[in-house]
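K.L.:
From the sequence below, what's the structure:
(chains A and B)
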Amino acid sequence: MMALLSRDLALAFRAGGGFGLSLAFFLIVTVLVPFGVGPEGGTLARIAPGILWVGALLACLLSLDRIFALDHEDGTLDLLATAPIPLETVAATKALAHWLTTGLPLTLAAPVLAILLNLPPSGFFWLTASLALGTPALSMIGAFGAALTVGLKRGGLLLSLLVLPLYIPTLIFGAECARRGAEGLATATPVLMLLGITLGSLALLPFAAAAAIRVNLR
Amino acid sequence: MDLTVTDLAIARGGIPVLAHVSLTLRPGRALVLRGPNGIGKTTLLRTIAGLQPPLAGAIGLPAEDIAYAGHADGLKATLSVAENLRFWARIFGTGDIAAALAAMDLKGLADRPAHSLSAGQKRRLGLARLLVTGRRFWLLDEPTVSLDAASVALFAAAVRAHLARGGAALMATHIDLGIAEAEVLDLTPFRAAPTAPAPGGFEEAFA
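P.N.:
This is a model prediction of the structure:
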């Protein structure tokens, strides 16, 4: 498992590995929104949590098809399926690697980019916390979607269509958590819901993803 | 423990290709699968490797004993030769890659990134992966594609050394490797009778 994780991280950071793509996309979205919406501070501060969450979600979506497609193309997935580590572990490890190269950088960058959207400093903590709790679910759900579409050429569109509805609960509760945090309201309910979604996905989806890969390898 | 295949029937893309295949492979032996293109050599190897379920029949060997090498080598272009090999050694829980590098004459290339290798060198790296798996039964699908004569000899020597260590190899290949102890199994007589599309086609889509 550590071997697979360190290999995936090494691949992501090398040339053409795709690390930075999501981060750059997130940066572009948050920089462009004030130009589109207008510079009025009150409006920006109100929509900031939602924009940051939507930006992070789309940035996450951007790199999903790489999770299994590259390994499928070069035959690695066949070989991993016959290797002594279970496919469930492979799926969970690859989701973890995706989170470390996508979700974690997005979470860390979010408070910095929130300044561009005039989010009050009191909201930084809950923005970061909600992303830290929610992005693992995005990676795990995304890995499941990637596993479903792994055999398809140009499966990116289908992958987005499959995954986006599954992302909506995470988005609702994540953005709600960040919004309530920024306005100084109680955040316990959305935090618990978000945590529930994340833990549920982490517990169940590795098995679903592994089953989907087995079918697609036939 | 032997690799035994009993009365196996297999399908590719839902269409039966081979039926009533039985074979036995003992440690120390090699078996070469022959047959025209499309007969189902790859499908048979993938089925034995556990990558797809058979239509009927039984495979009497735990998947933990099998190392499979398909058409694709599973190499990462941006990793070096040694990194690629070390990854598989760690996945299979064996440590040493030096012997495998030496056996496939890759020592001088160890630090080169895999994308700078030629097709034959990539193939040699893919075959070196078999040596670090530490598994006894090798399933090889066209192992000699894009290898030159010297590399084929190198590979034949590696297979022979594996057989001498009590391993076994089942391979689909069209060329003569010069392994004297290898038996040949022609798959042509096992071709499945052409059938109408199975009525279970709808369920198959969701299986």
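K.L.:
Distance check, the closest residue to chain B within chain A against residue B:48.
P.N.:
Closest contact between chain A and chain B, by Cβ to the nearest Cβ, is at residue A:75 (2.5 Å). (C-beta placed from N, C-alpha, C; glycine too.) For residue A:75, the distance to residue B:48 equals 17 Å [Cβ to Cβ, to the nearest Å].
K.L.:
quick one, which of those two is more surrounded?
P.N.:
Neighbour totals were compared for residue A:75 and residue B:48, and residue B:48 leads with 25 against 18 (other Cβ atoms under 10 Å in any protein chain shown).
K.L.:
so, in contact with chain B or not, whichever helix or strand residue A:25 is part of?
P.N.:
Using DSSP states H and E, the element containing residue A:25 is helix A:21-37. No: Helix A:21-37 stays clear of chain B (Cβ under 8 Å from any Cβ of the partner chain), getting no nearer than 15.4 Å.
K.L.:
tell me which strands and helices that helix is in contact with?
P.N.:
Identification of packing neighbours for helix A:21-37 by 3 or more Cβ pairs under 8 Å, 6 or more residues apart in numbering or on different chains; DSSP states H and E yields helix A:41-62, helix A:104-116.
K.L.:
contacts for the last one?
P.N.:
Residues external to helix A:104-116 that are found in contact with it (Cβ atoms under 8 Å, 6 or more residues apart in numbering or on different chains): A:19, A:22-23, A:26-27, A:30-31, A:34, A:48, A:52, A:56, A:59-60, A:123-124, A:127-128, A:131-132, A:135.
K.L.:
Would you map the helices across the chain?
P.N.:
Picked chain A for this. Using DSSP state H, the helices found in chain A span residues A:2-13, A:21-37, A:41-62, A:66-73, A:76-81, A:87-98, A:104-116, A:124-148, A:156-183, A:188-217.
K.L.:
My question was about chain B, not that one.
P.N.:
Counting by DSSP H, chain B has helices at residues B:41-48, B:81-91, B:98-103, B:119-133, B:149-164, B:201-206.
K.L.:
Distance to chain A added to those, as TSV?
P.N.:
TSV is the format used below for these (distance: least, Cβ to the nearest Cβ, whole Å):
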stretch	distance to chain A
helix B:41-48	8
helix B:81-91	3
helix B:98-103	15
helix B:119-133	8
helix B:149-164	17
helix B:201-206	9
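K.L.:
Format the ones you listed as CSV; extra columns: mean pLDDT.
P.N.:
As requested, these are exported to CSV (pLDDT from 0 to 100):
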stretch, mean pLDDT
helix B:41-48, 88
helix B:81-91, 87
helix B:98-103, 82
helix B:119-133, 86
helix B:149-164, 86
helix B:201-206, 54
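K.L.:
and those as CSV, adding distance to residue B:29?
P.N.:
Putting the helices of chain B into CSV (distance: least, Cβ to Cβ, whole Å) gives the following:
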stretch, distance to residue B:29
helix B:41-48, 15
helix B:81-91, 25
helix B:98-103, 20
helix B:119-133, 17
helix B:149-164, 7
helix B:201-206, 36
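K.L.:
Tell me which of those helices approaches residue B:190 most closely.
P.N.:
Nearest of the helices of chain B to residue B:190, taken as Cβ to Cβ: helix B:41-48 at 9.0 Å.
K.L.:
hmm, who's touching the closest one?
P.N.:
Outside helix B:41-48, the residues that touch it by Cβ under 8 Å, 6+ apart are A:78, B:3, B:5, B:8, B:10-12, B:17-18, B:21, B:33, B:35, B:52-54, B:59, B:61, B:66, B:68, B:70-71, B:139-141, B:170, B:172, B:187.
K.L.:
you'd agree residue A:5 is up against residue A:96?
P.N.:
Yes: the pair residue A:5 and residue A:96 passes the contact test of Cβ atoms under 8 Å, sitting 6.4 Å apart.
K.L.:
who's more crowded, the two?
P.N.:
More crowded of residue A:5 and residue A:96, by other Cβ under 10 Å: residue A:96, with 21 against 15.
K.L.:
For the more buried one, which residues are in contact?
P.N.:
By Cβ under 8 Å, 6+ apart, residue A:96 lies in contact with A:5, A:139.
K.L.:
near chain A, which residues of chain B show up?
P.N.:
Residues of chain B lying near chain A (Cβ under 8 Å from any Cβ): B:46, B:49-53, B:63-64, B:66-76, B:78-79, B:83, B:87-88, B:90-93, B:129, B:207.
K.L.:
what's the burial count for residue 38?
P.N.:
Using chain A here. Neighbourhood size, residue A:38 [other Cβ under 10 Å]: 9.
K.L.:
that answer is for a different chain, and I need it for chain B
P.N.:
As a burial measure, residue B:38 scores 11 neighbours (other Cβ under 10 Å).
K.L.:
Indicate which one of the helices of chain B is closest to residue A:207.
P.N.:
Closest approach to residue A:207 among the helices of chain B (Cβ to Cβ): helix B:201-206, 17.6 Å.
K.L.:
Most tightly packed of the helices of chain A?
P.N.:
Compared across the helices of chain A, helix A:124-148 shows the largest average neighbour count, a mean of 25 (mean count of other Cβ atoms under 10 Å in any protein chain shown).
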